[in-house]
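Asks: Curious how this folds, go ahead:
(chains A and B)
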Amino acid sequence: MSAPERPRESRPAGPPRTSIWFGFASFGAVVAAQTYAILTSPAEGDMGHLQKIMYVHVPAAWMTFLSFFVVFVFSVRFLWRRRENDDLIAASAAEVGATFNGLTLMLGMIWGRPAWGVWWVWDARLTSTLVLFLIFVGYLALRAFVDDPQQKARWSAAVGAIGAINVPIVYMSVTWWRTLHQPPSSPATLDPAYTMGLRLNAIALLLVMIYLIRKRYEIARLERAIEHMAEAAAMGQGGR
Amino acid sequence: MFASNQTFVVAAYAVTWVVLLAYLWRLARKGGRARADYQRMAEVQGAGRRQ
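Replies: Here you go, the predicted structure:
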């Protein structure tokens, strides 16, 4: 005996829902990694406990770069293959990347005030990070204001691919120019006492980034499905 | 010195959680609205097909 079939029209379309357990696990991992880093890392010689801001600031910056790398890859793929899903993935990653970018800037300012004595300086790293943020805010504004889905996808793919070129400039800015910002922090350049904390926080925030992009993509597909249904309904009415 | 530094550390972690949870909340609301709209559209289309 087979189970009765559910009516097709009542079943939500789009990708399967991103598991809520993945969400709990990723945010739980951030709590665990931050707790570990705060409890185990000793006060740093020059900065004291201010060093602990590194565990949120540096991974947030890395997730910004990674998200915009995803935007770049899927924007180029869209321009090449013209598949709707590539556009939606790029747009989802851009929104999450802009969130991490804004967070990175805020955390940098919170660190800069006690460390440098100022909230903001027009230093190469800070300025290029702000430019990156503004490019992707512009990308999101473009998507909000252009109605035609084809035009929106083409224009935003161009902005996404060109805008992401700023990522290596931001990364290399501390090497190319004399800046107040210190050289990039990574497990290779850190005292071993701080390495594990940074690694764990980076992995935890990576899980959060993946979860947020998947969740945003799931919503974007649902919204696109609604647009297609509305178009089909309008065409049907027009044909009658 | 430590006390003032500690304030900035607490502020940094608080800002991180506020931003992440606010974005998550925004996604949850947007997702809920999109699912409700989809359901409504599907019902309208289903009713149209049955007529």
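
Asks: For burial, what's the neighbour tally of B:Ser4?
Replies: B:Ser4 has 10 neighbouring residues, counting by other CB atoms under 10 Å in any protein chain shown. For glycine as for every other residue, the C-beta is placed from the backbone atoms N, C-alpha and C.

Asks: from the middle of its chain, how far away would the helix or strand that contains it be?
Replies: Of the helices and strands defined by DSSP states H and E, B:Ser4 is found in helix B:2-50. Here the centre of helix B:2-50 is set off from its chain's centre by 0 Å, with CA atoms, centre = their mean, to the nearest Å.

Asks: Is chain A within reach of it?
Replies: Yes - under the criterion of CB under 8 Å from any CB of the partner chain, chain A is reached by helix B:2-50 at B:2, B:4-6, B:8-9, B:11-13, B:15-16, B:19-20, B:23-24, B:27, B:30-31, B:34-35, B:37-39, B:41-46, B:48-49.

Asks: Buried by neighbour count, from those: which ones?
Replies: B:5, B:8-9, B:11-13, B:15-16, B:19-20, B:23-24, B:27, B:30-31, B:34-35, B:37-38, B:41-42, B:45 (16 or more other CB atoms under 10 Å in any protein chain shown).

Asks: per-residue pLDDT, the residue lying closest to A:Ala61 once chain neighbours are set aside?
Replies: Counting by CB to CB, 6 or more residues apart in numbering or on different chains, A:Thr104 is the residue found nearest to A:Ala61 once chain neighbours are left out, at 4.6 Å. In this model, A:Thr104 is scored at 97, pLDDT.

Asks: what's the distance between A:Thr104 and A:Thr64?
Replies: 5 Å (CB to CB, to the nearest Å).

Asks: anything in contact with each of those two?
Replies: A:Thr129 (CB atoms under 8 Å, 6 or more residues apart in numbering or on different chains).

Asks: quick one, which of these two is more surrounded?
Replies: A:Thr64 (27 against 24).

Asks: How about the contacts made by that one?
Replies: Contacts of A:Thr64 by CB under 8 Å, 6+ apart are A:Gly97, A:Phe100, A:Asn101, A:Thr104, A:Thr129, A:Leu132.

Asks: If you count neighbours, what's buried in the helix or strand it falls within?
Replies: Using DSSP H and E, A:Thr64 falls within helix A:54-81. Of all the residues in helix A:54-81, those buried under the rule 16+ other CB under 10 Å are A:54-68, A:70-79.

Asks: Ok, stretch A:146-154 next?
Replies: A:Lys152, A:Ala153, A:Arg154.

Asks: I'd like to know how many residues surround A:Gly160.
Replies: So A:Gly160, with other CB under 10 Å, has 30 neighbours.

Asks: so how far is the strand or helix carrying it from its chain's centroid?
Replies: If you go by DSSP H and E, A:Gly160 is part of helix A:149-163. From the chain centre to the centre of helix A:149-163 is a distance of 17 Å (CA atoms, centre = their mean).

Asks: Under the pLDDT cut-off, which ranges of chain A? List them.
Replies: Where chain A drops to pLDDT under 70, the residues are A:1-16, A:237-240.

Asks: Point to the residue nearest the middle of it.
Replies: A:Gly97 (2.3 Å; CA atoms, centre = their mean).

Asks: ok, it - contacts?
Replies: Counted by CB under 8 Å, 6+ apart, A:Gly97 has contacts A:Met63, A:Thr64, A:Leu66, A:Ser67, A:Phe68, A:Val70, A:Val71, A:Phe136.

Asks: hmm, back to that, and the helix holding A:Gly160, what does it pack onto?
Replies: Applying 3 or more CB pairs under 8 Å, 6 or more residues apart in numbering or on different chains; DSSP states H and E, one finds that helix A:149-163 contacts helix A:54-81, helix A:84-116, helix A:124-145.

Asks: any idea how far the longest helix along chain A is from the chain center?
Replies: For chain A, the longest helix by residue count, based on DSSP state H, is helix A:192-239. Computed by CA atoms, centre = their mean, the chain-centroid distance of helix A:192-239 equals 10 Å.
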